[in-house]
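>>> would you be able to build a 3D model of this:
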Amino acid sequence: MVLDPLDKFAFFGTRTGDIIEVDLNSVIYKRIGPLKRLFSQGVTTLKILPNNDLLVGTGEGLLAKIGFSDFKVKK
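Numbering: from 1, shown residues only. The predicted model follows:
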């Protein structure tokens, strides 16, 4: 789990390879991603980058960058 710098959103990595975003002001589920791709062996590490994108570490040893605005894997 990781919180954004302003404590507005929390991001949770799951064993199934999803990332869940929750709005902390209203305590409501906001979205799930990444779109069109789950990470094999789950999400083990999350880090928010200065531009608000997410850096994701997976159980299979992959690192990926997820765009904050579209929740898609960036290349």
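>>> looking at K8 now. What's its pLDDT?
Per-residue confidence (pLDDT) for K8: 94.
>>> can you give me the neighbour number for it?
10 (other CB atoms under 10 Å). All C-beta atoms are positioned from the backbone trio N, CA, C, and that covers glycine.
>>> also L54?
24.
>>> show me what contacts F9?
F9 makes contacts with 3, 21-24, 30, as judged by CB atoms under 8 Å, 6 or more residues apart in numbering.
>>> which of those ranks first by neighbour count?
Neighbour-wise, the contacts of F9 (other CB under 10 Å) top out at E21, 17 neighbours.
>>> where exactly do the strands run in this protein?
Here the chain has its strands, by DSSP state E, at 2-3, 9-13, 19-23, 28-33, 43-48, 54-58, 63-66, 73-74.
>>> rank the ones you listed by pLDDT, which is bottom?
Lowest mean pLDDT of the strands of the chain: strand 73-74, a mean of 91.
>>> residue farthest from the centroid of the protein?
Distance from the centre of the chain peaks at S26, with 18.8 Å (CA atoms, centre = their mean).
>>> phi, psi of it?
Taking degrees, to the nearest 10, you get phi -110, psi 0 for the backbone angles of S26.
>>> who touches the residue nearest to the spatial centre of the chain in this structure?
The centre of the chain sits closest to I19, judged by CA atoms, centre = their mean, with a distance of 4.2 Å. Residues in contact with I19 (CB under 8 Å, 6+ apart) are 11-13, 32-34, 43, 46, 54, 56, 66, 71.
>>> beta partners of V73?
Taking DSSP bridges, one obtains I66 as the residues bridged to V73.
>>> do the same with V43
Per DSSP bridges, the residues bridged to V43 are T58.
>>> distance of it from I28?
Using CB to CB, to the nearest Å, V43 is found at 21 Å from I28.
>>> please consider this matter closed, and thank you.
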